[in-house]
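K.L.:
coords below, sequence missing:
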């Protein structure tokens, strides 16, 4: 057992650890903390906040963030061009890509497309905290990158009609992503405990690609990427994907990842089925919606609370936390309450729930502890930053 896995196992001996406010999987959006001024952000599109270890500890997190940060202006333009050359337009408060620099490019010009410039700053671990560190994904994943550069529709057409273009763009993306992870890992003063890889492989009702296309085009390149990451660090890899990807879960497990962060609202992605498919020691990262859990506690909805508690118990070993970015303060309060509920469940409580179902006394005790948990006034605190020296 690796030192990182041993440390996580020790954390899980008493209760389920919580990850909240750290990476782009669990972070607070800038709009969720409107009083917080932000000179840097932890995601250039989602506008998430790189919070200090003190902040996320107050929110109930057992982890802290490390990773790239980007300069930020509080009044962001409605129309921006990112470092890949993708143009984004704000609609309904969020940005969506609408102009793709390689959408009509021919094969010969793909490899000469300029690689994005990496940011010059990275968030370091707080040496005053002993919380394990999670490296936020430094860039988009393979398929997301191809969709951004080429457009989703055009790239899927390439996979069926022009393998040469599809392979060239995937190779460009692989090298770009690999360089970003290596640069982040080399810039940190010590190895992170967990590394996040995020790539949305499906939508709510199905996969973007066929299983065969995933295994032909995406899987081999993920093998290369993860082998490079493993060569660089002994960190655990947390694999995230939204969408209905249950048919390729076995393939993802075969990539030698350690945690899965999946979309359990998508079609046929049922965590009990996933739990049976994957190794018994593989960790499910934030499998239960803690916002819904917090809302059930606040409203006194006992039926919903009982169902969610059974789901939590059935998903272990797991790490609790929000299933998506927290976009409002109200949503954040619910997530903090729901996380406090999960954290108060002991391993003995989990065993009883798995054996007998929703035990009323356990749920009432956990609900009281969650209600008694003071929603924090985030202390702020200094965030340690390092400078990256990136050559062109």
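P.N.:
It's in. On a predicted model such as this, the values are computed, not experimentally measured, just so you know.
K.L.:
quick one: residue 33 from residue 49, how far?
P.N.:
Per Cβ to Cβ, to the nearest Å, residue 33 is found 6 Å from residue 49. C-beta: built from backbone N, CA, C; applies to glycine.
K.L.:
neighbour count winner among the two?
P.N.:
Legend: neighbour count by other Cβ atoms under 10 Å for residue 33 and residue 49, higher for residue 49 (26 against 19).
K.L.:
how near is that one to residue 307?
P.N.:
Residue 49 sits at a distance of 32 Å from residue 307 (criterion: Cβ to Cβ).
K.L.:
try residue 65
P.N.:
From residue 65 to residue 307 the distance is 31 Å (Cβ to Cβ).
K.L.:
so the two - more neighbours on which side?
P.N.:
Neighbour count, other Cβ under 10 Å: between residue 65 and residue 307, residue 65 has more, with 33 against 15.
K.L.:
who are the packing partners of whichever strand or helix holds residue 261?
P.N.:
Assigned by DSSP states H and E, residue 261 belongs to strand 259-262. Applying 3 or more Cβ pairs under 8 Å, 6 or more residues apart in numbering; DSSP states H and E, we find strand 259-262 packed against strand 194-198, strand 236-241, helix 249-253, helix 271-277, strand 283-285.
K.L.:
can you give the strand pairings for that strand, parallel or anti for each?
P.N.:
strand 236-241 (parallel), strand 283-285 (parallel) (DSSP bridges).
K.L.:
let me know the helix or strand that residue 220 is in.
P.N.:
Going by DSSP H and E, residue 220 is in helix 219-232.
K.L.:
so what touches that helix?
P.N.:
Residues from elsewhere that reach helix 219-232 (Cβ atoms under 8 Å, 6 or more residues apart in numbering): 142, 170-171, 174, 177-178, 181-182, 185-186, 195, 197, 235, 237, 251, 255-257.
K.L.:
any stretches of the protein with poor pLDDT?
P.N.:
Low-confidence segments of the chain, defined by pLDDT under 70: 1, 74-77, 389-392.
K.L.:
tell me the residue in it that is farthest from the middle.
P.N.:
Distance from the C-alpha centroid of the chain, by Cα atoms, centre = their mean, peaks at residue 108 (34.4 Å).
K.L.:
in a helix, it, correct?
P.N.:
Yes. Per DSSP: H, G, I helix; E, B strand; the rest coil, residue 108 lies within a helix segment.
K.L.:
the residue lying closest to residue 373 once chain neighbours are set aside: how many residues sit nearby?
P.N.:
Distances taken as Cβ to Cβ, 6 or more residues apart in numbering place residue 340 nearest to residue 373, at 3.9 Å, with adjacent residues excluded. When neighbours are defined as other Cβ under 10 Å, residue 340 has 26 of them.
K.L.:
same check, this time on residue 166
P.N.:
By the criterion of other Cβ under 10 Å, residue 166 has 23 neighbours.
K.L.:
same deal with residue 348?
P.N.:
Neighbour number of residue 348 under other Cβ under 10 Å is 10.
K.L.:
how far away is residue 42 from residue 218?
P.N.:
26 Å.
K.L.:
nope, residue 8 is what I meant
P.N.:
Distance, residue 8 to residue 218, using Cβ to Cβ: 28 Å.
K.L.:
one more: residue 161?
P.N.:
Relative to residue 218, residue 161 is positioned 18 Å away (Cβ to Cβ).
K.L.:
please apply the same query to residue 325.
P.N.:
From residue 325 to residue 218 the distance is 24 Å (Cβ to Cβ).
K.L.:
repeat that for residue 273.
P.N.:
22 Å.
K.L.:
looking at this structure, which strand is longest?
P.N.:
In the chain, taking DSSP state E as the definition, the longest strand is strand 64-71.
K.L.:
which secondary structure elements does it contact?
P.N.:
For strand 64-71, the packing partners by 3+ Cβ pairs under 8 Å, 6+ apart come out as strand 40-41, helix 53-58, strand 121-123, strand 133-135.
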